[in-house]
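Colleague: Structure for the following, please:
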Amino acid sequence: MRFPTPLVPARLIRRYKRFLADVELEATGEVVVAHCPNPGAMLGLQEPGMRIWVEPNNDPRKKLKFGWRLAELPDGHLAGIDTSVPNRVVAEALAAGKITEAAEWETVRPEVPYAEKSRVDFLLSGNNKPDVYLEVKNVHLRRDGNLAEFPDCVTARGARHLDDLAAMVGEGHRALMLYLVQRTDCGRFDLARDLDPNYAEAFVRASRAGVEAICYGTSISTEGVTLGASIPVIA
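Modeller: Here you go, the predicted structure:
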């Protein structure tokens, strides 16, 4: 997935109201308001003074002319903060057959309604195999070594998705929960049980029901984000 417009560097002044950030453009020193496309806590990724990368736009329909895309981390690493990116990365990877666990199905449909009030990110079907319900979660929390964790705040919606996937397994389908680590300094994955115990309990229920948890990393540059290598799931 390539960014449509070249990113420009900036310094984060502050993030507020979840979806807004004051940033100072590095080239000019101008302070602008950027859209922050992330409803989560963004622990460790919203520190004032961080060097970040924003995407300018000239779309007259958009009130804000910059969107926050990346945060710079120590040792040259990067983290993507846009929670819409993982689905686009996974869509491209599915089309290219790069996700081993989901490579044998001929049809991939995004945003398919299922359960009572949910939409699964991708529904895979064909080749005389059971349908696969594939849900994608964005991961960018790191607190200990190279361990990526999810979630970074309470997510009742995420717990519901796990229960919905478990119900699909009960109906004879297959279900995959794919955690996509949108930062380049992690090599393991686990649940942040202390941040959302209810989600951790839903994960246990789903696992016992047959929902499969997989995790992939990403390759991130100021040009775009692509699927990386598989990452071990500790949970």
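Colleague: tell me, what residue is most central in this protein?
Modeller: Nearest to the mean C-alpha position of the chain, by C-alpha atoms, centre = their mean, lies residue 138 at 1.9 Å.
Colleague: tell me the contacts of it?
Modeller: Residue 138 makes contacts with 83, 85, 86, 180, 182, as judged by C-beta atoms under 8 Å, 6 or more residues apart in numbering. C-beta here means a position set from N, CA and C on the backbone, and glycine is covered the same way.
Colleague: Put together CSV for these, with neighbour count on each row.
Modeller: Output for the contacts of residue 138, formatted as CSV (neighbours: other C-beta atoms under 10 Å):
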residue, neighbour count
83, 17
85, 22
86, 26
180, 27
182, 24
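Colleague: Could you tell me which of the residues you listed are located in helices?
Modeller: Among the contacts of residue 138, DSSP state H puts 85, 86 in helices.
Colleague: among the contacts of residue 138, which two are most distant?
Modeller: Maximum pairwise distance in the contacts of residue 138, criterion C-beta to C-beta, is 10.2 Å, between 83 and 180.
Colleague: In contact with residue 126, which residues are there?
Modeller: Shown in contact with residue 126 (C-beta under 8 Å, 6+ apart): 105, 106, 107.
Colleague: so the first one sits in a helix?
Modeller: Same thing as residue 105. No: counting by DSSP: H, G, I helix; E, B strand; the rest coil, residue 105 is not found in a helix; it is coil.
Colleague: what's the distance between it and residue 173?
Modeller: Using C-beta to C-beta, to the nearest Å, one gets 12 Å for the distance from residue 105 to residue 173.
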